[in-house]
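> quick one: sequence plus predicted model below, questions after.
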Amino acid sequence: MHRLMMWLSCLVLSSFFSVPLEAKTDSVISNWSKVASLPLSTQKGEPTGISAAYTGVIGSYLVIAGGANFPYGHPYFDGASKYYHDTIYVYDISDNQFKLVATSKLPMAMGYGATVTKNKHLLLVGGKNNQQTYDTVIELTLDENHIPQTQIVARLPFVWSDGAADTHDDFLYLFAGSVDGKISNQVCKFSFVSARCDSDIPALPAIARTQFPAISINDEFMLFGGFNPQATSHNFALTDAYAFDYSTASWRALPNTQLNNKDVTLAGGSALRLAKNKILFLGGVNKQIFDNAVLKLTTLQGQALAQFKQQYFSMSVAAFKFNRKQIVFDLKRGAWSALKQLVPFAGGAGPLQTAQYQDTLYWVSGEVKAVQRSPYIYQAKIKK
């Protein structure tokens with residue numbers, strides 16, 4: 001199972017009335033522009049990036065920590081392992097600038113956890129590396145010189161990764177993901193005082209999942225799609241969506257993600273607040289290509305499996321067809337649409353990390369095809 005999950009991680013990895021069409025929404029975002037390259041390179045000296053990093057904003061500083069990539073070669077062609085990072089990067093993003101001002105280290109090399117912004121610090125929840133999955137909640141702050149300071153402030157009652165997290169009324173909520181090594185649909189309402197989960201919180205009323213975009217908006221926590229390599233009917237990249245109401249501790253279904261009457265998965269992508277009642281989704285895998293790859297990687301054997309891996313991992317960036325559409329969900333209408341323009345670069349997954357500072361959006365590195373990461377950070381602005 002561990003080896004299977006390693007291969008799968010290389011892939012990218014209702015009360016509303018559904019409107020399954022691709023209405024072209026007027027442009028509300030400026031063109032994306034490149035503002036920086038992460039100072040990372042492969043063993044061969046080629047620029048590279050990361051995916052699954054902890055990413056958030058403290059004041060006017062963008063923080064990027066940890067994450068994973070393959071600097072020492074390809075897992076199939078070279079037999080190389082995924083490499084996890086412990087570096088923390090701090091960028092000053094005030095006054096329309098983008099400047100690296102500090103670096104530091106996490107307590108351990110890790111990625112695939114969740115980042116929660118709380119007051120003037122970040123909570124880095126769970127995560128994993130090649131050796132283990134973690135039960136830690138790490139508080140990250142910036143000192144007067146903007147140098148990152150970290151401390152472990154809590155221990156979860158299980159090890160956890162690849163899900164989503166949020167804070168509400170001094171509790172830490174963990175949604176789905178991998179719990180003690182098993183893909184889950186459970187919700188943990190974690191108390192920092194008792195270090196336990198509230199047993200009365202209902203599970204997500206759907207299949208377990210990992211690597212789904214999620215967002216806290218209007219006193220609800222919404223999650224969209226994700227993937228489960230054990231799903232039935234070979235529907236591994238999911239298209240369903242749900243909202244958790246904090247006030248009633250209950251779930252409701254949202255319209256499935258569809259454009260042009262076709263299912264669109266958001267697995268491996270990211271969600272940002274576009275407006276009070278609109279969510280912007282960036283990145284994500286191509287459902288048809290992803291589903292086919294998971295099916296063959298989990299069912300083929302021997303020479304047939306080797307031939308498929310050779311073909312699949314040799315595909316170009318364009319052939320993977322990661323999502324370049326800027327997809328919008330309108331909460332009031334329960335409708336899905338897409339902005340007129342595509343992002344002017346390869347779509348991201350892995351999962352992709354994004355951040356928001358006032359009216360500026362940041363797209364942080366990410367995977368552009370299985371195994372390959374982009375080193376670039378892009379920004380765009382929400383038009384007033």
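Ah, there it is.
> tell me how far residue 215 lies from residue 244.
In this structure, residue 215 and residue 244 are 11 Å apart, going by C-beta to C-beta, to the nearest Å. Backbone N, C-alpha and C define where each C-beta goes, glycine included.
> likewise residue 278?
Using C-beta to C-beta, one gets 19 Å for the distance from residue 278 to residue 244.
> who has more neighbours out of these two?
Regarding residue 278 and residue 244, a neighbour count based on other C-beta atoms under 10 Å identifies residue 244 as having more, with 23 against 18.
> could you pull out the helices for this structure?
Under the criterion DSSP state H, helices of the chain are mapped to 2-9, 287-299, 302-314, 317-320.
> and the ones you listed: which comes nearest residue 339?
When the helices of the chain are compared for distance to residue 339 using C-beta to C-beta, the nearest one is helix 287-299, at 19.8 Å.
> what comes up buried for that closest one?
Residues of helix 287-299 classed as buried by neighbour count (16 or more other C-beta atoms under 10 Å): 287, 289, 290, 291, 293, 294, 296, 297.
> pLDDT for these - can I get that in a markdown table?
As requested, those are arranged in a markdown table below (pLDDT from 0 to 100):
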| residue | pLDDT |
| --- | --- |
| 287 | 96 |
| 289 | 97 |
| 290 | 97 |
| 291 | 96 |
| 293 | 97 |
| 294 | 96 |
| 296 | 96 |
| 297 | 94 |
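> OK, contacts around the residue nearest to residue 43 when sequence neighbours are not counted?
With C-beta to C-beta, 6 or more residues apart in numbering as the criterion, residue 43 has its nearest non-adjacent residue at 5.2 Å, and that residue is residue 72. For residue 72, the contact set (C-beta atoms under 8 Å, 6 or more residues apart in numbering) comprises 42, 43, 78, 80, 81, 83.
> how about residue 98?
If you count contacts by C-beta under 8 Å, 6+ apart, residue 98 has them with 35, 36, 91, 92, 377, 379.
> quick check: the gap between it and residue 286.
Taking C-beta to C-beta as the criterion, residue 98 is separated from residue 286 by 30 Å.
> ok so, going back, which of the helices of the chain sits closest to residue 333?
Proximity to residue 333 (C-beta to C-beta) singles out helix 287-299 among those, at 23.5 Å.
> what helices or strands is that closest one leaning on?
In terms of contacts (3 or more C-beta pairs under 8 Å, 6 or more residues apart in numbering; DSSP states H and E), helix 287-299 is packed against helix 2-9, strand 237-245, helix 302-314.
> extract the CA atoms of it and return them as PDB.
What follows is the C-alpha trace of helix 287-299 in PDB, where atoms were taken according to Å, rounded to 0.1, in the frame of the first residue of the first chain:
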ATOM      1  CA  LYS A 287     -10.000  13.800 -14.500                       C
ATOM      2  CA  GLN A 288      -9.900  11.500 -17.500                       C
ATOM      3  CA  ILE A 289      -6.100  11.200 -17.600                       C
ATOM      4  CA  PHE A 290      -5.800  10.900 -13.800                       C
ATOM      5  CA  ASP A 291      -8.600   8.200 -13.500                       C
ATOM      6  CA  ASN A 292      -7.000   6.200 -16.400                       C
ATOM      7  CA  ALA A 293      -3.600   6.400 -14.800                       C
ATOM      8  CA  VAL A 294      -4.700   5.300 -11.400                       C
ATOM      9  CA  LEU A 295      -6.700   2.400 -12.900                       C
ATOM     10  CA  LYS A 296      -3.700   1.100 -14.900                       C
ATOM     11  CA  LEU A 297      -1.100   1.700 -12.100                       C
ATOM     12  CA  THR A 298      -3.300  -0.300  -9.700                       C
ATOM     13  CA  THR A 299      -4.400  -3.200 -12.000                       C
END
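> show me how far stretch 159-167 is from its chain's centre.
Stretch 159-167 sits 11 Å away from the centroid of its parent chain (C-alpha atoms, centre = their mean, to the nearest Å).
> dump the residue contacts of the spatially closest residue to residue 152 that is not a sequence neighbour.
Beyond its immediate neighbours in the sequence, the residue positioned closest to residue 152 (C-beta to C-beta, 6+ apart) is residue 136, lying 5.1 Å away. With contacts defined as C-beta under 8 Å, 6+ apart, the neighbours of residue 136 are 107, 124, 125, 126, 127, 152, 154, 155, 156.
> how far away is the closest residue to the fourth one other than its chain neighbours from residue 255?
Counting by C-beta to C-beta, 6+ apart, the nearest residue to residue 126 once its immediate chain neighbours are dropped is residue 160, at 3.8 Å. To residue 255, residue 160 is 29 Å away according to C-beta to C-beta.
> which residue of these two possesses the greater neighbour count?
Under the criterion of other C-beta under 10 Å, the comparison of residue 160 against residue 255 puts residue 160 first, with 30 against 20.
> hang on, that one packs against residue 132?
No - contact between residue 160 and residue 132 fails when scored by C-beta atoms under 8 Å: they sit 11.8 Å apart.
> and residue 187, how many neighbours?
Residue 187: 21 surrounding residues under other C-beta under 10 Å.
> what's near enough to touch it?
For residue 187, the set of contacting residues under the criterion of C-beta under 8 Å, 6+ apart consists of 173, 174, 175, 176, 201, 202, 203, 204, 244.
> now the spatially closest residue to it that is not a sequence neighbour: phi and psi?
Taking C-beta to C-beta, 6+ apart as the measure, residue 187 lies nearest to residue 201, with 4.7 Å between them; neighbours along the chain are not counted. Summarising the backbone geometry of residue 201 under the convention degrees, to the nearest 10, its torsions are phi -80, psi 120.
> list residues touching both of residue 215 and residue 244?
Contact criterion C-beta under 8 Å, 6+ apart; residues bridging residue 215 and residue 244 by contacting each: 221, 222.
> coming back round to it: go through the contacts of residue 72 and flag which are in strands.
Counted as lying in strands by DSSP state E, out of the contacts of residue 72, are residue 83.
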